[in-house]
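Participant: structure for this input, please:
(2 chains)
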Amino acid sequence: MALLEVKNLGISFGGLRAVDEVNLSIKKGQLFGLIGPNGAGKTTIFNLLTGVYQPTDGTILLDGVSIVGKSTAEISMAGIGRTFQNIRLFKNMSVLDNVKAALHNHEKYSLLAGIMRLPLYYSKERQMNKTAREILKVFDLDKEENYLASNLPYGKQRKLEIARALATRPKLLLLDEPAAGMNPNETAELMDTIRLIRDKFDITILLIEHDMKLVSGICEQILVLNFGTELANGTPEEVLNDPAVITAYLGE
Amino acid sequence: MKKNNTNQKINHNISVKNEKVNLNAIQKEKKAEAKSAFNIKNLVILLCIIAGYFLLAYLVEYRLNRQFKSLIVPIGANIILAVSLNLVVGFLGELSLGHAGFMSIGAFTGAIFTLNMNLPGNIEFFLAIIVGGIMAAVFGFLIGIPVLRLRGDYLAIVTLAFTEIIRSIINTLSLPAGKDKAGELIVKKGAMGLSGIETYANYTWIYIAAVISIIVVVNLVNSRQGRIITSIRDNHIAAESIGIKVSRYKTMAFVIGAFFAGVAGVINGHNLSSIKPVDYDYNRSINILVFVVLGGMGSIKGSIIAATILTLLPEVLRPIRNYRMLMYAIVLIAIMLINHSTWKSRLQGNNLLSKIFKKEQVSE
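Facilitator: Below is the predicted model of the structure:
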């Protein structure tokens, strides 16, 4: 059975049909690409999947359980992590604290234990530090753990955002244009990292991207959107040679 | 061949150096991550707290004149207010002008408690502090639920209105103010305020209360919950996306802030002996906000220093009479300018100062 099963998803903002009749079926461990011209509704789909918007119609099943109507926080706990198109880090917190904040649902202690500095506080904090450093190491950020997040260079901020999303231990990770603003070298490095985290953390990845090299390089299946509807769905070769897709991107 | 060798040597040297650096870093890490509450750093802090108390006792008993003695309790109360408001404004990032309202609730609850109970002095006062704080926290919870959905300017205006509502409500209430000699219950009109409150608040009480409130806020900020609160401030959309229930933690910070405002209110009432609702109007809220802004949002140390200086300042400036408040305003502006000047950053760039500041940043 598919990890994420989306059927007839649709949302209207007033008279505008932003997403219409979209179907998605992502298997466990798959690297799935979501592409389309600007304004095609890609980020809207992410916002629907994470509960930022509630769909007007359609169903979303994660592991067979419906997540429609749940809040963003509940969906995160159900196992969907995400990054944002315009980076949203906790800018005035250290790199380590950014990741530790995301661990809050896994290493818990009460308010009292925190204020009174009970032994539980120390053991949980140590565990958190250890886990957070392990995740940072994957992204080669472990040397910058005490930097403020806002002081990191752009590429590393993107990486930190992925690290933070991974710290919530998602089943499904949504990456919204992870390579935006990166140079070719950084993009190539990012491709390796994405593959690495898929294997290392054993998760499924759905990503939005404009960089065709990245998409065709790592995605196993691609869905092309145009004006909120499905244009094509298949392997990279099939999709990128589809005349309809070429027309949508380049015009007649 | 030779060149190659030297190159290798250099490489080797560099790697050795790197290793050393790494080792140092690891050792530092181990030092920083204490295993339990009983470590050297905490012991030093405890000793400092005790030494601070004796210093304060010495000053009050032998050194200070009456004018400054009478300022000890207000300074402490203002520190509690500034630190707790900083939790809401600096760490949670929500502009609240309701602190005087919570203070008022604490002051009146505490005063009614001690006027009507006949318990031994210190026990009565201790219970009054707890009851006043809890009452303020309950109100913080009740208004926090609807109000914390708002952000920024809107929240500021609603909390400002809350302060005024509390003042108006207490104005219209009839307050039980203990029993007279015949055993009859005295009922006072709210607008008249309460008087004859025992002045339990002394330097010992205020010192303990201030230290506890500082410890609670500092520990909270450096805990799991504190990280959640600051992450909401930095980006509430991202905070939701990592599974944080934003409104729950916002309410938590708000309620804790309200509790300490209530505590400060009780102490304030038992220092002045008579209180009126009009003492706790929005001017007071703004005064507390000035401590927080001037000390630096999100800086506990700054709040403590700003609350102390700005409580002392009007008294120190008393000799210049009519120009007192003018001078006060000028000093405020001057401190703000200095805080944002290159002069300050240059000062911090100097060795000694920067070392102190950096150390404290890590330990915080």
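
Participant: correct me, but B:Gly106 touches B:Val138?
Facilitator: No. Using C-beta atoms under 8 Å, B:Gly106 is not in contact with B:Val138, being 11.0 Å away. All C-beta spots, glycine's among them, are computed from the backbone N, C-alpha and C.

Participant: tell me what A:Leu223 is bridged to.
Facilitator: In this entry, A:Leu223 is beta-bridged to A:Leu34, A:Asn233, by DSSP bridges.

Participant: and it, how far is that from A:Leu61?
Facilitator: Computed with C-beta to C-beta, to the nearest Å, the distance linking A:Leu223 and A:Leu61 is 17 Å.

Participant: more neighbours: the two, which one.
Facilitator: Just comparing A:Leu223 and A:Leu61: by other C-beta atoms under 10 Å in any protein chain shown the higher neighbour count belongs to A:Leu223, 25 against 17.

Participant: ok, the more buried one - contacts?
Facilitator: By C-beta atoms under 8 Å, 6 or more residues apart in numbering or on different chains, the contact list for A:Leu223 reads A:Val22, A:Leu24, A:Phe32, A:Gly33, A:Leu34, A:Ile35, A:Glu230, A:Ala232, A:Asn233.

Participant: the residue in the stretch 1-150 of chain A positioned nearest to chain B - nearest residue in space that isn't next to it in sequence?
Facilitator: With C-beta to the nearest C-beta as the measure, A:Gly114 is the residue of the stretch 1-150 of chain A nearest to chain B, at 3.0 Å. Excluding its sequence neighbours, the residue lying closest to A:Gly114 (C-beta to C-beta, 6 or more residues apart in numbering or on different chains) is B:Ser223, at 3.0 Å.

Participant: any idea of the pLDDT on the one you found?
Facilitator: We have a pLDDT of 94 for B:Ser223.

Participant: assess the claim that it and A:Tyr121 are in contact.
Facilitator: Yes. Counting by C-beta under 8 Å, A:Tyr121 is a contact partner of B:Ser223 at 6.7 Å.

Participant: need the three-state assignment for the residue of the stretch 1-150 of chain A closest to chain B.
Facilitator: helix (DSSP: H, G, I helix; E, B strand; the rest coil).

Participant: what about it, neighbour count?
Facilitator: 23.

Participant: and it, how far from B:Ala37?
Facilitator: For A:Gly114, the distance to B:Ala37 - C-beta to C-beta - is 12 Å.

Participant: go on, B:Asn202?
Facilitator: 29 Å.

Participant: ok, back up a step: with neighbour numbers in mind, choose between B:Gly106 and B:Val138.
Facilitator: Comparing B:Gly106 with B:Val138 by other C-beta under 10 Å, the one with more neighbours is B:Gly106, at 33 against 16.

Participant: just the strands in the stretch 51-200 of chain B please.
Facilitator: Remark: strands assigned in the stretch 51-200 of chain B by DSSP state E, counting those that start in this stretch are B:174-179, B:185-189.

Participant: which residue is nearest the centroid of chain A?
Facilitator: A:Leu174 (2.1 Å; C-alpha atoms, centre = their mean).

Participant: pull the contacting residues for that one.
Facilitator: Here A:Leu174 is in contact with A:Phe46, A:Leu49, A:Thr50, A:Ile80, A:Gly81, A:Arg82, A:Thr83, A:Ile205, A:Leu206, A:Leu207 (C-beta under 8 Å, 6+ apart).

Participant: all the helices of chain A, residue numbers only.
Facilitator: Remark: helices assigned in chain A by DSSP state H are A:42-49, A:72-78, A:95-102, A:111-116, A:119-138, A:154-167, A:184-200, A:212-218, A:236-240, A:243-250.

Participant: can you tell me which of these is most buried?
Facilitator: Mean neighbour count (mean count of other C-beta atoms under 10 Å in any protein chain shown) peaks for helix A:95-102 among the helices of chain A, with a mean of 27.

Participant: and that helix, C-alpha only, in PDB?
Facilitator: C-alpha atoms of helix A:95-102 as PDB (Å, rounded to 0.1, in the frame of the first residue of the first chain):
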ATOM      1  CA  VAL A  95      22.000  26.000  14.900                       C
ATOM      2  CA  LEU A  96      21.900  23.300  17.600                       C
ATOM      3  CA  ASP A  97      18.800  24.800  19.200                       C
ATOM      4  CA  ASN A  98      17.000  24.800  15.900                       C
ATOM      5  CA  VAL A  99      17.300  21.100  15.700                       C
ATOM      6  CA  LYS A 100      16.700  20.600  19.400                       C
ATOM      7  CA  ALA A 101      13.400  22.500  19.100                       C
ATOM      8  CA  ALA A 102      12.200  20.000  16.600                       C
END
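
Participant: mind giving me the packing neighbours of it?
Facilitator: helix A:119-138, helix A:154-167, helix B:224-234 (3 or more C-beta pairs under 8 Å, 6 or more residues apart in numbering or on different chains; DSSP states H and E).

Participant: what number of residues are in the vicinity of B:Glu198?
Facilitator: So B:Glu198, with other C-beta under 10 Å, has 15 neighbours.

Participant: I meant to write B:Ile212 there.
Facilitator: Counted with other C-beta under 10 Å, B:Ile212 comes out at 13.

Participant: B:Gly98 and B:Ile112, how far apart?
Facilitator: The gap separating B:Gly98 from B:Ile112 is 21 Å, by C-beta to C-beta.

Participant: same check on A:Lys200?
Facilitator: Applying C-beta to C-beta, the value for A:Lys200 to B:Ile112 is 62 Å.

Participant: again, but for A:Thr235
Facilitator: 76 Å.

Participant: so for these two, which sits in the more crowded spot?
Facilitator: Higher neighbour count among A:Thr235 and B:Ile112: B:Ile112, with 22 against 12, using other C-beta under 10 Å.

Participant: that one contacts B:Ser174, doesn't it?
Facilitator: No. The pair B:Ile112 / B:Ser174 is not scored as a contact, 11.2 Å apart, by C-beta under 8 Å.

Participant: list the contacts of residue 131.
Facilitator: Went with chain A since none was named. Counting by C-beta under 8 Å, 6+ apart, A:Thr131 has contacts A:Leu103, A:His106, A:Glu107, A:Ala167.

Participant: oops, I was thinking of chain B
Facilitator: B:Thr109, B:Gly110, B:Phe113.

Participant: how deep is A:Leu141 tucked in, by neighbour count?
Facilitator: Residues lying near A:Leu141 (other C-beta under 10 Å) number 22.

Participant: and for B:Leu71?
Facilitator: B:Leu71 has 18 neighbours, counted by other C-beta under 10 Å.

Participant: who's in contact with the residue in the stretch 51-200 of chain B positioned nearest to chain A?
Facilitator: Relative to chain A, the nearest point of the stretch 51-200 of chain B is B:Gly93 (9.5 Å; C-beta to the nearest C-beta). Counting by C-beta under 8 Å, 6+ apart, B:Gly93 touches B:Ile232, B:Arg233, B:Asp234.

Participant: ditto for B:Pro319
Facilitator: Residues near B:Pro319 by C-beta under 8 Å, 6+ apart: none.
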